[in-house]
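> coordinates for the following, if possible.
(chains A, B, C and D)
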4 protein chains.
Amino acid sequence: ICGGPCHLSKALIMSKGTVVLAYSGGLDTSCILVWLKEQGYDVIAFLANIGQDEDFEAARKKAESLGAKKVFIEDLRSEFVEDFIWPSVQANAVYEDRYLLGTAVARPCIARQQVEIARKEGANFVSHGATGKGNDQIRFELTCYALYPEVKIIAPWRIPEFYNRFRGRTDLMEYAQKHGIPVPVTPKAPWSMDANLMHISYESGILENPKVRQVLNVFVGSPCLSLSGKHGVGRIDIVENRFIGMKSRGIYETPGGTILLKAHLDIETFTMDKEVRRIKQGLGIKFSELIYNGFWYSPECEFVQHCINKSQENVEGKVQLSVFKGQVYILGRESSKSLYNEELVSMDVQGDYDPCDASGFIRINAVRLREHHRLQGFSSTKQ
Amino acid sequence: ICGGPCHLSKALIMSKGTVVLAYSGGLDTSCILVWLKEQGYDVIAFLANIGQDEDFEAARKKAESLGAKKVFIEDLRSEFVEDFIWPSVQANAVYEDRYLLGTAVARPCIARQQVEIARKEGANFVSHGATGKGNDQIRFELTCYALYPEVKIIAPWRIPEFYNRFRGRTDLMEYAQKHGIPVPVTPKAPWSMDANLMHISYESGILENPKVRQVLNVFVGSPCLSLSGKHGVGRIDIVENRFIGMKSRGIYETPGGTILLKAHLDIETFTMDKEVRRIKQGLGIKFSELIYNGFWYSPECEFVQHCINKSQENVEGKVQLSVFKGQVYILGRESSKSLYNEELVSMDVQGDYDPCDASGFIRINAVRLREHHRLQGFSSTKQ
Amino acid sequence: ICGGPCHLSKALIMSKGTVVLAYSGGLDTSCILVWLKEQGYDVIAFLANIGQDEDFEAARKKAESLGAKKVFIEDLRSEFVEDFIWPSVQANAVYEDRYLLGTAVARPCIARQQVEIARKEGANFVSHGATGKGNDQIRFELTCYALYPEVKIIAPWRIPEFYNRFRGRTDLMEYAQKHGIPVPVTPKAPWSMDANLMHISYESGILENPKVRQVLNVFVGSPCLSLSGKHGVGRIDIVENRFIGMKSRGIYETPGGTILLKAHLDIETFTMDKEVRRIKQGLGIKFSELIYNGFWYSPECEFVQHCINKSQENVEGKVQLSVFKGQVYILGRESSKSLYNEELVSMDVQGDYDPCDASGFIRINAVRLREHHRLQGFSSTKQ
Amino acid sequence: ICGGPCHLSKALIMSKGTVVLAYSGGLDTSCILVWLKEQGYDVIAFLANIGQDEDFEAARKKAESLGAKKVFIEDLRSEFVEDFIWPSVQANAVYEDRYLLGTAVARPCIARQQVEIARKEGANFVSHGATGKGNDQIRFELTCYALYPEVKIIAPWRIPEFYNRFRGRTDLMEYAQKHGIPVPVTPKAPWSMDANLMHISYESGILENPKVRQVLNVFVGSPCLSLSGKHGVGRIDIVENRFIGMKSRGIYETPGGTILLKAHLDIETFTMDKEVRRIKQGLGIKFSELIYNGFWYSPECEFVQHCINKSQENVEGKVQLSVFKGQVYILGRESSKSLYNEELVSMDVQGDYDPCDASGFIRINAVRLREHHRLQGFSSTKQ
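As a prediction, this is how the structure comes out:
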């Protein structure tokens, strides 16, 4: 009743078409691969290397053995950094004051490539293993629709035939055994984990209880972008608001991103005009929300990114910092584009500055305040 | 030529009136006290206890010995916390993404009391020792003008007769010796320092060179609001934009404030609706700018504070955190007002949530994106 | 497959439950009434009087004759004005710079009452005749879900069984004739129209072509809130952005609302502090978007409304205006709460204002500009 | 005491330097011209043609006869339109919801040229006849400081020697007679007026009483940019907030600007993405405030202008409108860059749109609302 992919009859002789599946090599997407074939699709498996710790060749063989028509394993690390991480750093992108968006920036990077493959291979369908309650389904699919408007999306975890059949891990394990899908031998951690160059996230399972303290056991030590993972830089435990209106708990470890954010904030304030900074700060918050919600490829995100880009023209220089016991300290900064004027600000030198001007400045700023309070008839100062 | 306090003739038999001087006990304001008397004013010294490390009785004696007509030493610590620090915490007040406003929130607290004394004592003048390039003069004076619109302000560091006479510390020392003002025996640190319950700030002197790294030597370890000062929590070295349009460098140590900010951010997101949070975030940024610029007592600050207050109605609960090697980690949270719905968000339980709805949600969100990209004639996805 | 109301089996002995239908008396909702009964529901017809030109008693009889279990016709005019129009006027609510939201504010007013009836009558279902591409379905349903979270909504124009059966007006006419539904005798205008106390809107049909000029023929002359409808006040022809991401064309006539907006804007600026006004302006824009999108009953709308309310404490006074040939001219204003200080602003009187202060004010504001342009190395002023 | 231009000793043999004076040809600036010479300056008179109704040759002769060293009369009309009016139209620039900024955009245009002349002629000073309570002094001087940071500004109406000597029109008349300055023969209107290509403003005098209704007598009928002045388009009577914190009353007539604004708003919404529009709307408000306050030449204004420019890339098309009895009506629009999709939005055609999707969209948007209201324990819907 509600859109194409729902109508999946069980037996077909001809292929229903080709699906490019975002494949991770894990249990879920392996089952999905097989299930899609069972539904009558040809499946192309696509696995993006965005810096996660993975045996890519093993994943390729697994996908092939499960019947993938083709397998694409693509190294997206440098475009992930250049097209997605850098713009986020330039925006000082932080969602809800805390989350550095490590997962959110990875999704459009992966989906862009998947769509590219789908176009090249003439596939009309794309598929993914994201759940029906999360943000990733949205980030993934909005990118696909934006870049490939006619694409059809198969999201098994939102298809009753699929999610009613696979109600838990046990069902997936059973299905795997029945269909010759290799089953993981090590027990699953009681939470899920997602890693890339920028960060590692931990969520769901026992972490769904927001009171449960897990932070110190959970971290595996991210190898992300620096050695700072070793030092526990950028570890946070937060409750965040998903786009679909639920609150969820996430634990994140973003060592490199945290250092980059702090260094960028520092050199930006050093080289950018104060009022440009205020406007840009607002645009950066907007940008963060857009990324979080999956609108990387949207007219407004392109617009905001263009504006932020413009603001960065003179943001360059050198920031000295120390990473010490989980903390990033800025020690000093220098830049040929600095707007910092040591003579002007000095307490020891008057420079081209007449302190008398400040009297006028203050008194004019007070005109409105004096009027207001006089008219309010304030007799006592303590309210 | 330019306003009342400039016209200071040198010899007068009658008093020109009474000045309430914000007195710190240090060299500068001691010289100002004597100088004001020399100019023909009666001087009331006022020293606020806002948690700084000070021998208040010694300061009282010193002021009396220098000829203060009266000396008021007032313990403002609890009103500083309740009327100024709590509202800032509720606003998650941070200026330019980093500075927790420890000095900025103290100024209106002190000036409010000073004005109260001036009114009670029938004094027409107030005075302070803030410099002509800084923010504090503005914060101080806007508060005075707002709460006591008719007041006349004497800011010696902006009066040519004063600042031309006292061109450096040596001039002040000489003047002190000549007028029997006790001179500090320990050498002055090569920067200035200001402390209160909320934070310690370090600036000027050798710190004016933004490249000079001092952060590790500078900190004295703040006793502020907790024992967290010992652990180096909340230490930052930043360049900030002053209201008057200069960039300046400040080093701050805000241990208690940092912990309170992180805990409040956490419980707020846990208990506040997502979209209320977005609007309140914007108001909090506005509030921070207003505080920084000295507009605590302004119609807009009252308005914003009222709005933020309203947003906090359900923000309550318990946050568990650890302070470890300079870092504050949130470990978990609970609240009877929580909007977190563990069942709704769970990956293992469907709850009152139909995953099919997400398909429609995404497709409607994509309507605009698909239109846009179709009309732009995107043929390739990589730009 | 996709949610409750889709599962409508055709023959049932027992009632599926009771539906409160937002009934207009027109062809569409009359057909829906009969169709819902056909589907096995008991139907309560609800018709709100919000100032539209309607024969309410005829509508009642029609609903009864079609088999409505009960008919509620409720006069909501005063609560429409007090609870919905006044807050919008206070917010200067205008969507996308032009649309005064006359339809958008009516929807939550109607739906609130409908939910009230549903609760009282123990009905688990509500239904409406809004189309699947418009804003009204959203405004209607979000209100219902917010105020009656467990309610089930039947939106026939989104149910394939319904919209596939009724593909155009002809199908509805045929169905009506077959089921004894009185058929309108006058030919339908080539557009649709919706009227209430605040405005009349005209859309769809031949107006869907954005180039077609209809504005001068279309207007029937709204009797809304004043005699100003006669004068053609508040007529606009716009393209607007619907919440679902489409652009649509609407023609609106909001005479009373336009006069109220202009008068309120005037007295507000007269009595409200400048900086409060700036913040409130932003909140008003937010409020307008929320209303337009259907979020009247949402935590953020309650919050924003509370803030706007606060800002209005001193907004009162008398505005003289003339309505002349379609135009509203403000002629003068007065208020006991005015912040306008005739002496202060006078060019002929100096008042308590020292023009020298302006020099300092300007020079301090120029500090940053001079620095910037000096550092940019501007040699020529024309770029 | 307070800055350079205050120190004006009365007799000097050598010239103090050259001043470029913004000369209007009227009584005030004629007196200033003579007074500046009296103070020992060489004076260059500069008169900009920005579309006002003026006998420029008569003004030239008058300035020469008063002793101007040189006279520059420059036709800035086309650069006024291209560099200042167009960007304002693109921004939909309106200050405080009503004022179209006709005076504010003219000031930086004039001052830019004045600075250009000062640089070319080696003049260290610029001067103007703006008063000490208004906005124009700020707009004028911030432009000068931004484009010529070392310039010295002589603002006679802020110099006690000047304003104490000329306390009213009578003093100026006397001085004029004494110094051979031609005195106006027609009596002055009881308000002041300022005209340019974009608008005419009327203020001060009897208009300072905000209650006095003058609107119908005051207008002279602007010849601005169209014939629409004849029809009384764009006439407003407002109270506005000056940058210096006073409220003032202004009456404006902006016929061409009003038509351009309405037409631009229309074609912009037709061709611009909804969410880009929202962000751009905020930037436009910011831009308006910057222009009003005199920050045309500031880093933030350049930045915002760049962003707005970007947003206009596809804003083009044809808007049909009628100007009728003071009112501007949009009749229709068309554009090759339109984002309006007639088929998509049509009520008669389903197009590539599945109404079922809207159900999911609404239900997901309701997740948060249902949670909120359930947790608030709302039992009754009317509050």
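
> distance of residue A:259 from residue B:144?
For residue A:259, the distance to residue B:144 (CB to CB, to the nearest Å) stands at 43 Å. To be clear about C-beta, it is placed using only N, CA and C from the backbone, and glycine gets the same treatment.

> where does whichever residue of the stretch 251-383 of chain A sits closest to chain C land on pLDDT?
Nearest to chain C, among the residues of the stretch 251-383 of chain A, is residue A:360, at 2.1 Å (CB to the nearest CB). At residue A:360, the model reports a pLDDT of 97.

> burial measure for it, as a count.
26 (other CB atoms under 10 Å in any protein chain shown).

> same question, residue A:341
18.

> would you agree it is in contact with residue B:246?
Yes. If you go by CB atoms under 8 Å, residue A:341 and residue B:246 touch, sitting 6.8 Å apart.

> joint contacts of those two?
Contact criterion CB atoms under 8 Å, 6 or more residues apart in numbering or on different chains; residues shared by residue A:341 and residue B:246: residue C:371.

> quickly run through the sheet partners of the host helix or strand of residue A:321, with directions.
Here residue A:321 sits within strand A:318-324, counting by DSSP states H and E. Paired strands of strand A:318-324, with direction, are strand A:327-334 (antiparallel) (DSSP bridges).

> who are the packing partners of the next helix or strand after the strand it pairs with?
Going down the chain from strand A:327-334, the next helix or strand is helix A:342-345, by DSSP H and E. Where contact means 3 or more CB pairs under 8 Å, 6 or more residues apart in numbering or on different chains; DSSP states H and E, helix A:342-345 is not packed against any helix or strand.

> how far off strand A:318-324 does the stretch of helix or strand residue A:269 belongs to point, in degrees?
Using DSSP H and E, residue A:269 sits within helix A:255-271. Put simply, helix A:255-271 runs at 140 degrees to strand A:318-324, going by axes from the mean of the first three to the mean of the last three CA atoms, to 10 degrees.

> is chain C contacted by helix A:255-271?
No. Helix A:255-271 stays clear of chain C (CB under 8 Å from any CB of the partner chain), getting no nearer than 9.8 Å.

> picking that back up, state the distance from the residue of the stretch 251-383 of chain A closest to chain C to residue D:339.
50 Å.

> can you check residue A:141 too?
With CB to CB as the criterion, residue A:141 and residue D:339 are 21 Å apart.

> try residue A:282
25 Å.

> those two: which is more packed in?
Using other CB under 10 Å, the more surrounded residue of residue A:282 and residue D:339 is residue D:339, with 23 against 16.

> wait, what's in contact with the more buried one?
B:371-372, B:375, C:247, D:270-273.

> next one: phi and psi at it?
phi -100, psi 10 (degrees, to the nearest 10).

> which residues are contacting the host helix or strand of residue A:126?
Secondary structure from DSSP H and E places residue A:126 in strand A:125-127. The contact list for strand A:125-127 (CB under 8 Å, 6+ apart) reads A:5, A:17-22, A:32, A:36, A:41, A:111, A:114-115, A:118, A:144, A:148, A:151-156.

> out of these, which are buried?
Among the contacts of strand A:125-127, those buried by neighbour count (16 or more other CB atoms under 10 Å in any protein chain shown) are A:5, A:18-22, A:32, A:36, A:41, A:111, A:114-115, A:118, A:144, A:148, A:151-156.

> in strands, which of these fall?
The strands, defined by DSSP state E, take in A:18-22, A:41, A:152-154 from the buried ones among the contacts of strand A:125-127.

> from the residues you listed, which is closest to chain B?
Nearest member of these to chain B, counting by CB to the nearest CB, is residue A:153, at 8.2 Å.

> over to the nearest residue to that closest one once chain neighbours are set aside. Which of the three states is it?
Using CB to CB, 6 or more residues apart in numbering or on different chains and skipping the chain neighbours, the partner closest in space to residue A:153 is residue A:141 (5.3 Å). Three-state call for residue A:141 (DSSP: H, G, I helix; E, B strand; the rest coil): helix.

> which one is the closest residue to chain D within the stretch 101-250 of chain A nearest to, not counting chain neighbours?
In the stretch 101-250 of chain A, the residue that lies nearest chain D is residue A:245 (3.3 Å; CB to the nearest CB). Nearest residue to residue A:245 in three dimensions, chain neighbours excluded: residue D:368, at 3.3 Å (CB to CB, 6+ apart).

> A helix includes that neighbour, no?
Yes. Counting by three-state DSSP, residue D:368 falls inside a helix.

> ok now do whichever residue of the stretch 51-200 of chain A sits closest to chain B, which residues does it touch?
When scored by CB to the nearest CB, the stretch 51-200 of chain A has residue A:132 as its residue closest to chain B, at 2.8 Å. Neighbour list for residue A:132: A:155, A:157-158, A:163, B:353, B:355-356, B:358 [criterion: CB under 8 Å, 6+ apart].

> likewise residue A:166?
A:31, A:172, A:175.

> let's see it at 10 Å
By CB atoms under 10 Å, 6 or more residues apart in numbering or on different chains, the contact list for residue A:166 reads A:28, A:31-32, A:35, A:156-157, A:172-175.

> could you say which helix or strand holds it?
Counting by DSSP H and E, residue A:166 is found in no helix or strand.

> residue A:104 now?
helix A:102-121.

> same check, this time on residue A:375
With DSSP H and E as the criterion, the answer for residue A:375 is helix A:355-376.

> check which helices and strands that helix sits against.
helix B:136-147, strand B:152-154, helix B:160-163, helix B:299-311, helix C:274-293, helix C:342-345, helix C:355-376 (3 or more CB pairs under 10 Å, 6 or more residues apart in numbering or on different chains; DSSP states H and E).

> switch to 6 Å and redo it
Contacts defined by 3 or more CB pairs under 6 Å, 6 or more residues apart in numbering or on different chains; DSSP states H and E place helix A:355-376 against helix B:136-147, helix C:355-376.

> comparing these, which comes out most buried?
Ranked by mean neighbour count, these are led by helix B:136-147 with a mean of 26 (mean count of other CB atoms under 10 Å in any protein chain shown).

> could you list the low-pLDDT ranges of the stretch 1-150 of chain A?
Within the stretch 1-150 of chain A, the segments meeting pLDDT under 70 span A:1-13.

> near chain B, which residues of it?
A:97, A:112, A:115-116, A:132, A:138, A:141-142, A:145-147, A:149 (CB under 6 Å from any CB of the partner chain).

> now for residue A:189, how many residues are close by?
12.

> how near is the residue nearest to it when sequence neighbours are not counted to chain C?
Closest residue to residue A:189 apart from its sequence neighbours, by CB to CB, 6+ apart: residue A:205 at 7.4 Å. Distance of residue A:205 to chain C, given as CB to the nearest CB, to the nearest Å: 28 Å.

> host element of residue A:190?
Using DSSP H and E, residue A:190 falls outside every helix and strand.

> against residue A:206, how distant is it?
5 Å.

> repeat that for residue A:115.
Taking CB to CB, one finds residue A:115 at 36 Å from residue A:206.

> residues touching the closest residue to residue A:271 other than its chain neighbours, list them.
Leaving aside its chain neighbours, residue A:271 sits nearest to residue A:337 (4.6 Å; criterion: CB to CB, 6+ apart). By CB atoms under 6 Å, 6 or more residues apart in numbering or on different chains, residue A:337 lies in contact with A:271, A:314, A:316.

> quick check: the last one vs residue D:300, distance?
Computed as CB to CB, the residue A:316 to residue D:300 distance reads 20 Å.

> okay, these two: which has more neighbours?
More crowded of residue A:316 and residue D:300, by other CB under 10 Å: residue D:300, with 22 against 14.
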